[in-house]
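# task: produce atomic coordinates for the following.
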Amino acid sequence: MQPPSNPSPYGYGEAPHQAPYSGQPYAGQPYAGQQPGPYGPPPHQAQYGAPPAQPMPYGAQQIPVHGPQCRFCGCVPAVETTFRGHRGMILVMSFLHTKGPFCRDCGLAVFRDMTAKTLIGGWWGYISFIATPITVLINLTRRGKVASLAPPMPPPDGTPHRRPADPGPPLMSRPIAVIGALIPVLLIALIILINLAA
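Numbers count the residues shown, from 1 in each chain. Okay, here's the model as predicted:
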């Protein structure tokens, strides 16, 4: 069959609202109410839709690739926080701090060590008697940030890492922490007894 002598200005045999025929089948979506034809979506996609995403195994935790790494061991996940310590020495005092990021185990190790040392050595001074409980409360509020992390794992990108620190026994299972927590009670009791005896 021969083409007409005066073809349409829009292309061979096409209406004005259609694009010129390119020789390739149309792969777009069908119109509303139109059944997928030979040039519509693939039959399996038209029938079932896009393949569903595969669920993660039960108990698996996604580790961020570009998140912070622990400053001590290099493991992930890690969180930014700072634990503080205080040492009172009658007339002078010192304020200590260790800044993260920490993984769960290294963070708990730093928290327990600095808080226990603050409890045993932070009360010895007039200002230190006030600074020590404040320091302990700050550490307690920040402990949850590291305690809620997933167990430390090697970084997914293969960055060198070391074994995480051993958190050690809980804070109030350490003798120096228990003794340190009793120091203000004993000091207050001693002051009361002195005033009663005067």
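
# what's the following helix or strand after the lowest-mean-pLDDT helix or strand in the chain?
Using mean pLDDT, DSSP states H and E, helix 43-48 stands out as the lowest-scoring helix or strand of the chain, at a mean of 49. Next helix or strand after helix 43-48 toward the C-terminus (DSSP states H and E): strand 82-89.

# identify the residue nearest Pro184 in space, chain neighbours excluded?
Excluding the flanking residues, the one nearest Pro184 by Cβ to Cβ, 6 or more residues apart in numbering is Trp123, at 6.1 Å. From N, CA and C alone the C-beta is placed, and that goes for glycine too.

# give me the contacts around the biggest helix by length in the chain.
Longest helix in the chain, counting residues (DSSP state H): helix 175-197. Helix 175-197 has contacts (Cβ atoms under 8 Å, 6 or more residues apart in numbering) with 112, 115-123, 129, 133, 171-172.

# output that helix as CSV, nothing but the C-alphas.
What follows is helix 175-197, C-alpha atoms only, in CSV (Å, rounded to 0.1, in the frame of the first residue of the first chain):
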residue,chain,number,x,y,z
PRO,A,175,33.4,-0.9,96.1
ILE,A,176,34.8,2.6,95.4
ALA,A,177,31.5,3.7,94.0
VAL,A,178,29.5,2.4,97.0
ILE,A,179,32.0,4.0,99.5
GLY,A,180,31.9,7.2,97.5
ALA,A,181,28.2,7.3,97.6
LEU,A,182,28.2,7.0,101.4
ILE,A,183,30.8,9.7,101.9
PRO,A,184,28.3,12.7,101.8
VAL,A,185,25.9,10.8,104.2
LEU,A,186,28.7,10.2,106.7
LEU,A,187,29.9,13.8,106.4
ILE,A,188,26.4,15.2,107.0
ALA,A,189,26.0,12.8,110.0
LEU,A,190,29.3,14.0,111.4
ILE,A,191,28.4,17.6,111.1
ILE,A,192,25.1,16.9,112.8
LEU,A,193,26.8,15.1,115.7
ILE,A,194,29.4,17.9,116.1
ASN,A,195,26.6,20.5,116.3
LEU,A,196,24.7,18.4,118.8
ALA,A,197,27.7,18.0,121.0
